[in-house]
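J.: Pasting a predicted model and its sequence here:
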Amino acid sequence: MAEQPDGEPGHTQLPTSGDDQPRGRLFISDVQALRRADTVCLHAADGVGLIHASLTTLAGDDHRIYTAKQQQLFPDPVGRNRCRRIEAAADIAGFDHLRRWHDHQLPGATASATIGAAQVDDVWRSVAALLRVGDVVRLRWRADNSIDQLTAHGLHRDELRIEVRRGKRLWTFLLDVAVRPQDARMVTAAAQR
C-alpha cells in the first residue's frame, strides 16, 4: 500500500480484493491528521466506513492560511476547510423491519456521527493519543439499543464505538450515544417494503 498513490495525492490507497492489508490500517499521516483535526465525521454504509478529519474555519472568520504541513495532512480543500479521508471497516448491528437481528450488516442501513470539537472532546483525544502507525480501526454502530422507557416515548438509542487493533491487542471506545426520535437518528435503515 502506498501512502500517496498516483492520481490521488495525499490519500491512503484503498485496499483491493487481492490486497493483504486490512481496511482501516493507519499510516503516519492518518495518525497525525486524526490528532490535529478540529472536526471528525464518521460514516458507514455496506460494510465500508469513512472517517473525515477536518481543519475548520470559524464562521465569520477571514480565510484561514494553512501551513504546508496542514495542507499535506489535510489534502482536500472543502470550501474554506481542509479534509483528510480515511477508509475503515464498519459494522452496523441492529434489527431490520421484520425484527430480525443482524450482528454485522443491517441491510440497507447507513450511519453517521460527528465529533464537532475534537480538540476538546476527552474521549476523542484519548483515542487519538492511543493511535499508532499500523493500527487498524473499525467503526461499530449499534442501532436502536433502546429500553422500554425510551421506546414508549418514540425515542431510539444509537451507539458508535471505535475499535483499535494493534497486533493481538484490541481496545474499544464508546464514541457517541444518541437518543433521538426516528427522523434524527445516527443510524437510518432502508425504507420498509
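T.: Yep, that arrived. Residues are numbered from 1 along each chain as shown.

J.: Around residue 151, how many other residues sit close by?
T.: Residues near residue 151, counting by other CB atoms under 10 Å, number 12. C-beta here means a position set from N, CA and C on the backbone, and glycine is covered the same way.

J.: I misspoke; the intended subject was residue 34.
T.: Number of residues near residue 34 (other CB under 10 Å) recorded here: 22.

J.: quick one: it and residue 55 touch, right?
T.: No. Here residue 34 does not reach residue 55: they are 11.9 Å apart, not a contact under CB atoms under 8 Å.

J.: In terms of pLDDT, where does residue 126 sit?
T.: For residue 126, the pLDDT comes out at 95.

J.: name the element residue 174 belongs to?
T.: Using DSSP states H and E, residue 174 falls within strand 169-181.

J.: Show the subsequent helix or strand relative to that strand.
T.: strand 187-188.

J.: Would you mind listing the outside residues contacting that next one?
T.: If you take CB atoms under 8 Å, 6 or more residues apart in numbering as the criterion, strand 187-188 is touched by 92, 94, 106, 109, 110, 111, 141, 143, 144, 158.

J.: quick one: which of those sit in strands?
T.: If you go by DSSP state E, the contacts of strand 187-188 have 92, 94, 110, 111, 141, 158 in strands.

J.: buried stuff in the helix or strand of the chain with the lowest mean pLDDT?
T.: Ranked by mean pLDDT, DSSP states H and E, the helix or strand of the chain with the weakest confidence is helix 148-151, at a mean of 70. Within helix 148-151, no residue qualifies as buried by neighbour count (16 or more other CB atoms under 10 Å).

J.: Run through who's touching that helix.
T.: 156, 157, 179.

J.: Dump these to TSV, plus neighbour count.
T.: As requested, the contacts of helix 148-151 are exported to TSV (neighbours: other CB atoms under 10 Å):
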residue	neighbour count
156	20
157	18
179	13
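
J.: ok, the residue lying closest to residue 77 once chain neighbours are set aside to residue 163 distance?
T.: By the measure of CB to CB, 6 or more residues apart in numbering, the closest residue to residue 77 outside its immediate chain neighbours is residue 83, 7.9 Å from it. Noted for residue 83: a distance of 23 Å to residue 163, by CB to CB, to the nearest Å.
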